[in-house]
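Asks: Got a sequence here, can you build the structure:
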Amino acid sequence: MDWKLALAGLLTGLLVGMTGMGGGSLMTPILVFLFGIPPATAIGTDIAHGAAFKTVSAVQHRRMGNVRARLAGWMLIGSAPASLLGVWLNVQLTERYGDDVESVLGQVLGAALLFGAVGLVAKSLVHAGPTGDPDWQLSNRDRVAAVMIGVLGGFIVGLTSVGSGVFFGLTLLVIFPLRAHKVVGTDIFHAAVLLYVAGAAHWAAGNIDFGILFWLLLGSIPGVLLGGRLTLSIPEQSLRLLLAGVLGLAGIKLLNVPFAGTIVVVVLAAGAAGLLVWLGRHSWIRIQRGRNGRLPPAID
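Replies: So this is what the prediction gives:
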């Protein structure tokens, strides 16, 4: 099972490195349904795993200039305390009404993610050219919006235990004039810090299996570093459509639609195959250009 955990970490890290999304929405179900990990341990270990490997990715994206750190900081002002409030309310509601409450909340979030994915696809197709303002600076209204997004998103993350990437990634794409690769970097930077808050609570509760955590990190760290590098090579419109696809998959999973697990596995497998083909073609073009003297092989 050890190498299978590392493989699951590799695939998750690759996806998160490219999009900033899908880590918690996919890894927790994988641990529960494929590896038979108890739900509480799966959630706690996944959150600790996300905090660790997203920190590595955040450093990489920061060095590549993909992080709007001040925007992430303003979101954290709202999201960190709100996530603790969400965790507390989740415990209260679960004790009173049972696990059905979290299921309903997850389905509401899933519907919102599907709606956002459709809107993002439509926006990407209508505005085919590059979007986002590279000279955009935070205004006072932007700061207020960032704090409010943090409050709402942090509360949802604490309440439902999912969505640290998909919710914040969606709002960053819709509300702020950011290029797609800066959305990815800022989202990962913010999520890494936020997950440490939730991870500390799960560590105190004894919900983290450090053996599983080690094998997941063994695969996810190289995966997230490779995925982060790919964000600079994937065209803007293609990256936005990829983000929309991840939002859609997360929404389908949260809604528990029929054959949701099969749909997610098939789409991810097809996406992985397409990525391998694209990488092979991209590498071949670089080699040919280097041989022809038009572009040195070491320069992208």
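
Asks: rest of the way, CA atoms for contacts and neighbours
Replies: Noted.

Asks: what about residue 219, which helix or strand?
Replies: Using DSSP states H and E, residue 219 sits in helix 210-230.

Asks: and residue 288, what pLDDT?
Replies: Looking at residue 288, its pLDDT reads 64.

Asks: again but with residue 77, I slipped
Replies: On the pLDDT scale, residue 77 gets 94.

Asks: Quick check: closest non-adjacent residue to it.
Replies: With CA to CA, 6 or more residues apart in numbering as the measure, residue 147 is the residue that lies nearest to residue 77, at 6.2 Å, once sequence neighbours are left out.

Asks: and that neighbour, how far is that from residue 72?
Replies: 9 Å (CA to CA, to the nearest Å).

Asks: Excluding chain neighbours, what is closest to residue 148?
Replies: residue 78 (6.5 Å).

Asks: you'd agree the one you found is up against residue 154?
Replies: Yes - taking contacts as CA atoms under 8 Å, residue 78 lies within contact range of residue 154: 7.2 Å.

Asks: Verify the contact between residue 152 and residue 85 for me.
Replies: No - assessed by CA under 8 Å, residue 152 is found out of contact with residue 85, at 10.9 Å.

Asks: gap between residue 63 and residue 48?
Replies: Applying CA to CA to residue 63 and residue 48 gives a distance of 23 Å.

Asks: burial measure for the residue nearest to residue 148, as a count.
Replies: Look at residue 78: counted by other CA atoms under 10 Å, it has 21 neighbours.

Asks: Next up, the contacts around it.
Replies: Contacts for residue 78 (CA atoms under 8 Å, 6 or more residues apart in numbering) come out as 147-152, 154.

Asks: So for residue 63 and residue 48, which residue has more residues nearby?
Replies: Neighbour comparison, residue 63 and residue 48: the larger count goes to residue 48, with 26 against 10 (by other CA under 10 Å).

Asks: Can you tell me the element the residue lying closest to that one once chain neighbours are set aside falls in?
Replies: Excluding its sequence neighbours, the residue lying closest to residue 48 (CA to CA, 6+ apart) is residue 199, at 5.1 Å. Using DSSP H and E, residue 199 maps to helix 180-204.

Asks: Tell me which residues of that helix come out buried.
Replies: 180-199, 202-203 (16 or more other CA atoms under 10 Å).

Asks: What mean pLDDT does it get?
Replies: pLDDT averaged over helix 180-204 gives 83.

Asks: what does stretch 234-244 give?
Replies: pLDDT averaged over stretch 234-244 gives 68.

Asks: before we move on, what about stretch 46-53?
Replies: 86.

Asks: For that stretch, which outside residues touch it?
Replies: Counting by CA under 8 Å, 6+ apart, 13, 23-24, 27-28, 191-196, 198-199, 208, 213, 216-217, 220-221, 224 sit against stretch 46-53.

Asks: ok, now stretch 141-153?
Replies: By CA under 8 Å, 6+ apart, stretch 141-153 touches 71-72, 74-83, 164, 167-168, 171.

Asks: I'd like to check the angle between whichever strand or helix holds residue 74 and helix 180-204, please.
Replies: Element membership of residue 74 [criterion: DSSP H and E] is helix 69-97. Counting by axes from the mean of the first three to the mean of the last three CA atoms, to 10 degrees, helix 69-97 lies at 40 degrees to helix 180-204.

Asks: show me where this protein has helices.
Replies: 2-19, 23-29, 39-63, 69-97, 100-126, 140-160, 166-175, 180-204, 210-230, 236-255, 260-292 (DSSP state H).

Asks: Flag whichever of those helices has the least confidence on average.
Replies: Among the helices of the chain, helix 100-126 scores lowest, with a mean of 62.

Asks: Contacts only, for the closest residue to residue 58 other than its chain neighbours.
Replies: In space, and not counting its chain neighbours, residue 58 is closest to residue 189: 4.7 Å by CA to CA, 6+ apart. If you count contacts by CA under 8 Å, 6+ apart, residue 189 has them with 54-55, 57-59, 67, 69, 72.

Asks: can you check residue 76 too?
Replies: Residue 76 sits in contact with 147, 150, 190, 193-194, where contact means CA under 8 Å, 6+ apart.

Asks: Which of the residues you listed sits closest to residue 35?
Replies: residue 194 (26.3 Å; CA to CA).

Asks: The closest one and residue 79 touch, don't they?
Replies: Yes - in terms of CA under 8 Å, residue 194 counts as a neighbour of residue 79; the distance is 7.2 Å.
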